[in-house]
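>>> Got a predicted model here, sequence first, then my questions.
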Amino acid sequence: MLFLVTCVMLLLVVGHLPYLQLSTLAQSPKLGKNPEVDMNVTELITTKGYPVQSYSVITEDGYILGLYRIPHGLHNGKGKGPRPVVLLQHGLMASCDDFLVNPANESLAFILADAGADVWLGNNRGNVYSRRHSRLDPTKLDFWQFSWDEMAQYDLPAIIYYILNQTGHEQLYYVGHSQGTAIAFARFSEDQELASRVKHLVALAPIGRVGHIKSPLLLLLVHFAEQIKLFLDIFGHGEFDFPEPLHRLVAGTLCEEWGEVICENFIFLLCGYNPKSFNESRVDVYLSHVPAGASALTLMQWAQGVKSEKFQHFDYGEQGNLKKYGQKTPPLYDPRKIRVPVAIFRGGRDWLADTTDVEWLLPQLNVTHDIYVPFYEHLDMTYGFDAVTRMYKYIVEILMGK
């Protein structure tokens, strides 16, 4: 196990050393048979014929977040009347690309736009579209001194209020995946004014308490979380990500030339096993867009959650907690205080949003729907080619009032 962690650390360090010229290993300006490997969010949208608008949202603490909008679908641009406004929020180490990397008829963002929704795509601080700050430098440690607490406290309100101001709507629909649900549960339990602006919360692979995760790769990272954080602080300025040349090398060479099955099984080891819903011909596309960036502190907070089996704020240690919170232990988030209606979408083979943890969460929420697919793993909610019939059709019904 230590060998694997050492390899991960070395990959991260090697990728940050410019004199090794990893770019020479990925010289081709366009890698592979799937052109989406090299596309950013605007290209993923426009190449499928959809309109896109981009915005920059500044949080209260100065982070500048990339926000994108698909205002309408392919054939309903001239429709009259208000469109339901929906915000899609990604999970850990991901970006809004997660909702765009399948064909248009299988990607949630395009499906909702074609159904008549005004679709907004959020990005949390630190990912590839939100690596800016009004004062701080993303190549310095100070920029990366945040956990997902700050995403809940600052990013989520900034994004939601920005969208409402732009559209003139009083409320929006919120669709979160994985960590995107956790920051919503956290913030809506503590900010009733913000929660009142959400008409319905759609939770894909809902995350709160994470004491029962089964992913061997994540359990390994949890075990060595302190060492990995120290390593990243020293060599990677507090950031967890694969640099672009290394990222392209993995997606373009390992997955395309050496074997899609190897990369597919890496995803299964991380998230759960379900080959029947996974399009292995697109694994290079998926892995070229993930990981999209995260802070070491965000990973640390999830490691703390696994060990404590509690849905809580970041644990700074007894003295740090006294200074930050005025108590020796970090405050707990209380899902019972969430008044927003919640639609749950979950899978029986999800190794991250484990059934035991999800069932702890459910009785505390105002659940309107509980859609359970026994063979779904954690990423099937975004990558599964059959999600359109097993999950997305119900999301369309919720948003469009059908």
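All right, it came through fine. Numbering: from 1, shown residues only.
>>> how far away is the spatially closest residue to Y325 that is not a sequence neighbour from Q153?
In this structure, Y325 finds its nearest non-sequential neighbour in P331, 5.7 Å apart by Cβ to Cβ, 6 or more residues apart in numbering. Just so you know, the C-beta spots here come from the backbone N, C-alpha and C atoms, and that holds for glycine as well. Plainly put, P331 is 12 Å away from Q153 if you go by Cβ to Cβ, to the nearest Å.
>>> higher neighbour count, the two?
Neighbours around P331 and Q153, counted as other Cβ atoms under 10 Å, are more numerous at Q153. The numbers are 21 against 13.
>>> That one and R187 touch, don't they?
Yes - contact criterion Cβ atoms under 8 Å: Q153 and R187 qualify, at 6.9 Å.
>>> Name the next helix or strand downstream of the helix or strand of the chain with the lowest mean pLDDT, please.
When each helix and strand of the chain is scored by mean pLDDT, DSSP states H and E, helix 2-15 comes last, with a mean of 40. Using DSSP states H and E, the next helix or strand after helix 2-15 towards the C-terminus is helix 41-46.
>>> From the chain's centroid, how far away is that next one?
Distance of helix 41-46 from the chain centroid (Cα atoms, centre = their mean, to the nearest Å) equals 18 Å.
>>> That helix - what's its average pLDDT?
Mean pLDDT, computed over helix 41-46, is 98.
>>> hey, C-alpha coordinates of it in PDB?
Output of helix 41-46 as PDB, limited to C-alpha atoms (Å, rounded to 0.1, in the frame of the first residue of the first chain):
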ATOM      1  CA  VAL A  41     -16.300  23.300 -21.300                       C
ATOM      2  CA  THR A  42     -17.200  25.700 -24.100                       C
ATOM      3  CA  GLU A  43     -16.000  23.400 -26.800                       C
ATOM      4  CA  LEU A  44     -17.800  20.400 -25.300                       C
ATOM      5  CA  ILE A  45     -21.000  22.500 -25.600                       C
ATOM      6  CA  THR A  46     -20.600  24.300 -28.900                       C
END
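>>> what packs against it?
Using 3 or more Cβ pairs under 8 Å, 6 or more residues apart in numbering; DSSP states H and E, the elements in contact with helix 41-46 are strand 63-70.
>>> If we use 10 Å, what do you get?
strand 53-58, strand 63-70, helix 108-114, strand 118-121, helix 283-289 (3 or more Cβ pairs under 10 Å, 6 or more residues apart in numbering; DSSP states H and E).
>>> JSON lines for the ones you listed, including mean pLDDT and mean neighbour count?
What follows is those, written out as JSON lines (pLDDT from 0 to 100; neighbours: other Cβ atoms under 10 Å):
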{"stretch": "strand 53-58", "mean pLDDT": "98", "mean neighbour count": "14"}
{"stretch": "strand 63-70", "mean pLDDT": "98", "mean neighbour count": "23"}
{"stretch": "helix 108-114", "mean pLDDT": "98", "mean neighbour count": "25"}
{"stretch": "strand 118-121", "mean pLDDT": "98", "mean neighbour count": "27"}
{"stretch": "helix 283-289", "mean pLDDT": "83", "mean neighbour count": "24"}
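>>> closest one to Q301 among those?
Closest of the helices and strands packed on helix 41-46 to Q301 is strand 63-70, at 17.0 Å (criterion: Cβ to Cβ).
>>> which helices and strands sit right next to the closest one?
Using 3+ Cβ pairs under 10 Å, 6+ apart, the elements in contact with strand 63-70 are helix 41-46, strand 53-58, strand 85-89, helix 108-114, strand 118-121, strand 132-133, helix 156-167.
>>> That strand vs strand 85-89, what angle?
Between strand 63-70 and strand 85-89, the angle comes out at 130 degrees (axes from the mean of the first three to the mean of the last three Cα atoms, to 10 degrees).
>>> Can you tell me the strand partners of strand 63-70 and which way each runs?
Partners of strand 63-70 in the sheet, by DSSP bridges, are strand 53-58 (antiparallel), strand 118-121 (antiparallel), strand 132-133 (antiparallel).
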